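Asker: Predicted model follows, preceded by the sequence.
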Amino acid sequence: MSAPQARSAPGEGLSVTHRRYVPYSHAHYGGDLVDGAYVLGLFGDVATEMSIRCDGDEGLFASYSDVQFRAPVRAGDVVEVTATLTRKGRRSRVMDFAARVVCRARPDRGESAAEVLAEPIIAVTAVGTVVVP
């Protein structure tokens, strides 16, 4: 006799992805670095769409249980931000987040030069919880 298998709640595993060009007006530090709060705001945006898709409501961000700043985000980057629903409770939704730099400015080649990166750079990861009414 085999053990019963755990079932996933409907929607678990669903992912939402946004892409955003990071304007130079958001550079906050030397080297055109953007502060970490910028990416956390993008995580809020994909979490909102996830809540709308799963629950028909924007939901409210309750907390982050883990945030890892792994690589810099700079003005001129194109950032791809993904939320994946990992656990769906009665009112809570736990999501894994990842921000990847997929394009980067190349000022060494010219004022407006940029390139698509061969391998995206994982810049920020997080785990967060959203609650819905």
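Answerer: Perfect, thanks for sending it. Just so you know, these numbers come straight off a predicted model, no measurement behind them.
Asker: just the strands in this protein please.
Answerer: Chain-ordered strands for the chain, with DSSP state E as the definition, fall at 15-21, 27-29, 33-34, 60-69, 78-88, 92-105, 114-131.
Asker: In CSV: these, plus distance to Ile52 and mean neighbour count.
Answerer: C-beta: built from backbone N, CA, C; applies to glycine. CSV is the format used below for these (distance: least, Cβ to Cβ, whole Å; neighbours: other Cβ atoms under 10 Å):
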stretch, distance to Ile52, mean neighbour count
strand 15-21, 9, 14
strand 27-29, 30, 14
strand 33-34, 26, 18
strand 60-69, 13, 13
strand 78-88, 12, 20
strand 92-105, 12, 20
strand 114-131, 11, 16
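Asker: Just put those in TSV and tack on mean pLDDT.
Answerer: As requested, the strands of the chain are exported to TSV (pLDDT from 0 to 100):
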stretch	mean pLDDT
strand 15-21	97
strand 27-29	91
strand 33-34	94
strand 60-69	95
strand 78-88	97
strand 92-105	97
strand 114-131	97
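Asker: which residues does the residue most central in space within the chain form a beta bridge with?
Answerer: The C-alpha lying nearest the average C-alpha coordinate of the chain belongs to Val81 (Cα atoms, centre = their mean; 3.5 Å). Here Val81 sits in beta bridges with His18, Ala99, as judged by DSSP bridges.
Asker: Same question for the one 4 residues further on.
Answerer: When bridges are assigned using DSSP bridges, the partners listed for Leu85 are Met95.
Asker: So it sits against Phe97, correct?
Answerer: No - counting by Cβ atoms under 8 Å, Leu85 stays clear of Phe97, with 10.9 Å between them.
Asker: and Val81, what does it touch?
Answerer: Applying Cβ atoms under 8 Å, 6 or more residues apart in numbering, one finds that Val81 lies in contact with 17-20, 39, 42-43, 45-46, 97-100.
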